[in-house]
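Asker: Sequence and predicted model, in that order:
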Amino acid sequence: MKDLTDQKDLTDQKDYKQEDRCTLVLLAAGKGLRMGGDTRKQYMNFKGMPLFAYSLATMDNCGIITDILITVPEGDEEFCREMVEACGLGRKVRKIVSGGKERCFSVHNGLQAIDWPCDYVFIHDSARPFIEEQAIRRLYDEVKTHKACVAGVPSKDTVKIADSEGFVKNTPNRRDVWIIQTPQVFGFEMIRKAYEEMVASYDDLQRKGVIVTDDAMVVEYFTGCKVKLVMASYSNIKVTTPEDLVTVSAYLKENSDE
């Protein structure tokens, strides 16, 4: 497999000083059912690397990230460890743990497994392989002030809010609409406590029709902390359906050093 440990670290600057411990929780526990086939989405091979290893490589080579924890489907822990080591990306990986039945439970499992000093947590979906180091730096700079930050980009499209019957209810101003991505970054103690409260009240949330779709929502609901939007990039796509594989292949071809 391709070794990406020689990637340039944009934090390697004379005026940069790392003072905090920042843990990446990399979510790779999904079933990947919408892709079809026998291989889970996160393990699909692209130019000699499994999909999850691309964002892992960026984080592994970024000086801001000091520790890494990966969540995987139960039983895949050793399999994932072998792939990580084959890619030469295991130097910051402290633990590989099993995820849960849904994304929110995987995040909770990951947060509970952090038993080393940690100031901030970067939570990232491995299905977003092209996160850029510049975005990681911006998120880190902002979270030190705001305690809760999410990567995103302004919407290029007009968005319509629908009613229960599928008719347009209203049209928000496009300049106020952002497409939310990951990483989502938080003070460690705050996000861990928020997830503990979410898990404890999960059944009640379900009865109320509250569906937890991202980490910022957990913080908003259980802490009231305002979440800062931080510009990432439009290339930070999420690989969800087979159509997205074409985009991944095209991006890798365009950005290949070969």
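Answerer: On my side now, so go ahead.
Asker: now the closest residue in space to D119 that isn't next to it in sequence: how far from F122?
Answerer: Using CB to CB, 6 or more residues apart in numbering and skipping the chain neighbours, the partner closest in space to D119 is D20 (4.0 Å). C-beta here means a position set from N, CA and C on the backbone, and glycine is covered the same way. To F122, D20 is 11 Å away according to CB to CB, to the nearest Å.
Asker: Which of the two has more residues huddled nearby?
Answerer: Per other CB atoms under 10 Å, whichever of D20 and F122 has more neighbours is F122, with 26 against 14.
Asker: Could you look up the SS state of that one?
Answerer: strand (DSSP: H, G, I helix; E, B strand; the rest coil).
Asker: Now do the contacts for it.
Answerer: When contacts are counted by CB atoms under 8 Å, 6 or more residues apart in numbering, F122 touches C22, T23, L24, V25, M59, I65, I136, L139, P183, Q184, V185.
Asker: Helix, strand or coil: sort out the third one for me.
Answerer: It refers to L24. strand.
Asker: What separation is there between it and V239?
Answerer: 18 Å.
Asker: Among the two, which residue is more densely surrounded?
Answerer: The residue with more neighbours, out of L24 and V239, is L24; 28 against 25, by other CB under 10 Å.
Asker: partner residues bridging that one?
Answerer: I68, F122 (DSSP bridges).
Asker: Please list all residues in contact with it.
Answerer: Counting by CB under 8 Å, 6+ apart, L24 touches M59, I65, D67, I68, L69, K92, V121, F122, H124, P183.
Asker: Assess the claim that the first one and Y140 are in contact.
Answerer: Read that as M59. No - under the criterion of CB atoms under 8 Å, M59 is not in contact with Y140, lying 11.8 Å apart.
Asker: now the strands for the stretch 101-250 of the chain?
Answerer: 120-125, 148-154, 161-162, 168-170, 178-187, 228-231 (DSSP state E, counting those that start in this stretch).
Asker: Select, out of those strands, the one closest to E254.
Answerer: strand 148-154 (18.9 Å; CB to CB).
Asker: For that closest one, buried residues please.
Answerer: A148, C149, V150, A151, G152, V153 (16 or more other CB atoms under 10 Å).
Asker: Helices of this protein, start to end?
Answerer: Secondary structure of the chain (DSSP state H): helices at 52-60, 77-86, 103-113, 133-146, 188-200, 202-207, 215-223, 242-254.
Asker: could you give the mean pLDDT of the third one?
Answerer: Meaning helix 103-113. Averaging pLDDT along helix 103-113 yields 97.
Asker: cool, the first one as well?
Answerer: For helix 52-60, the mean pLDDT works out to 96.
Asker: Extract the C-alpha set from that helix and format it as PDB.
Answerer: Presented in PDB, the C-alpha positions along helix 52-60 are these (Å, rounded to 0.1, in the frame of the first residue of the first chain):
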ATOM      1  CA  PHE A  52     -10.500   5.500   5.500                       C
ATOM      2  CA  ALA A  53      -6.700   5.800   5.200                       C
ATOM      3  CA  TYR A  54      -6.800   9.000   3.200                       C
ATOM      4  CA  SER A  55      -8.200  11.200   6.000                       C
ATOM      5  CA  LEU A  56      -6.100   9.200   8.500                       C
ATOM      6  CA  ALA A  57      -3.000  10.100   6.500                       C
ATOM      7  CA  THR A  58      -3.900  13.800   6.600                       C
ATOM      8  CA  MET A  59      -4.500  13.700  10.300                       C
ATOM      9  CA  ASP A  60      -1.400  11.600  11.000                       C
END
